[in-house]
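*Asks:* build me a model from this:
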Amino acid sequence: MDESGVRSPEPVWVVAANVVAWRRCGVGGQELRPGTKFFKGGAKVYVAKVYWGPGGHRVTAAGRERHTGRWIVIDTATRHLYGFRPKLVHTPRVLERLREHRYAHGFTTADYAVDAAATLEQYARRYRAATAAGSAHPERCLCHACLTGEGAYADGSDRAAAAG
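*Replies:* Reported below is the predicted structural model:
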């Protein structure tokens, strides 16, 4: 309970992640866009639900909207997120938004959140590598794979030789 006598919501386990700074899009992945339509690059989001059926392509995430700063809950592509990690959330606004969207339980246990975070990180890497696979990155590419070096090992191109 807080000072006003209102009971605080129970904390829940979720998977926290960050939005990629730049993402490839367009024909052949030659266009770069910052963040996503709803989240700024680098924004912290809380994954409350994963759609495992189609291979974890999409997740339900809560985070601060890029233009207004309001808390929103939306479905987004797994490839637009990175740095998945389990997190016990105490923030009342996040818990309130999750409750409004019927995701108040989050991930049931810490172990499940750890497993989900590891699996989502693998899926995100795989899906980023598959985006515009086979086409060259633009010069001085700023996409997440190039900035972190993960693209060098995903596509097996000459970037792998330069990185190693």
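
*Asks:* chain center to stretch 18-32, what's the gap?
*Replies:* Between the centre of stretch 18-32 and the centre of its host chain there is 14 Å, according to CA atoms, centre = their mean, to the nearest Å.

*Asks:* that one: end-to-end distance?
*Replies:* According to CA to CA, to the nearest Å, stretch 18-32 extends 18 Å from its N-terminal end residue to its C-terminal end residue.

*Asks:* buried stuff in it?
*Replies:* For stretch 18-32, the neighbour count (16 or more other CB atoms under 10 Å) marks 18-24, 29, 32 as buried. To be clear about C-beta, it is placed using only N, CA and C from the backbone, and glycine gets the same treatment.

*Asks:* tell me the least confident of these?
*Replies:* Comparing pLDDT over the buried residues of stretch 18-32, residue 29 scores lowest. The value there is 66.

*Asks:* show the subsequent helix or strand relative to the helix or strand residue 46 falls within.
*Replies:* Under the assignment given by DSSP states H and E, the secondary-structure element containing residue 46 is strand 44-50. Once the chain leaves strand 44-50, the next helix or strand it forms, by DSSP H and E, is strand 58-64.

*Asks:* now do the helices in this structure.
*Replies:* Secondary structure of the chain (DSSP state H): helices located at 92-100, 110-130, 144-148, 150-155, 158-163.
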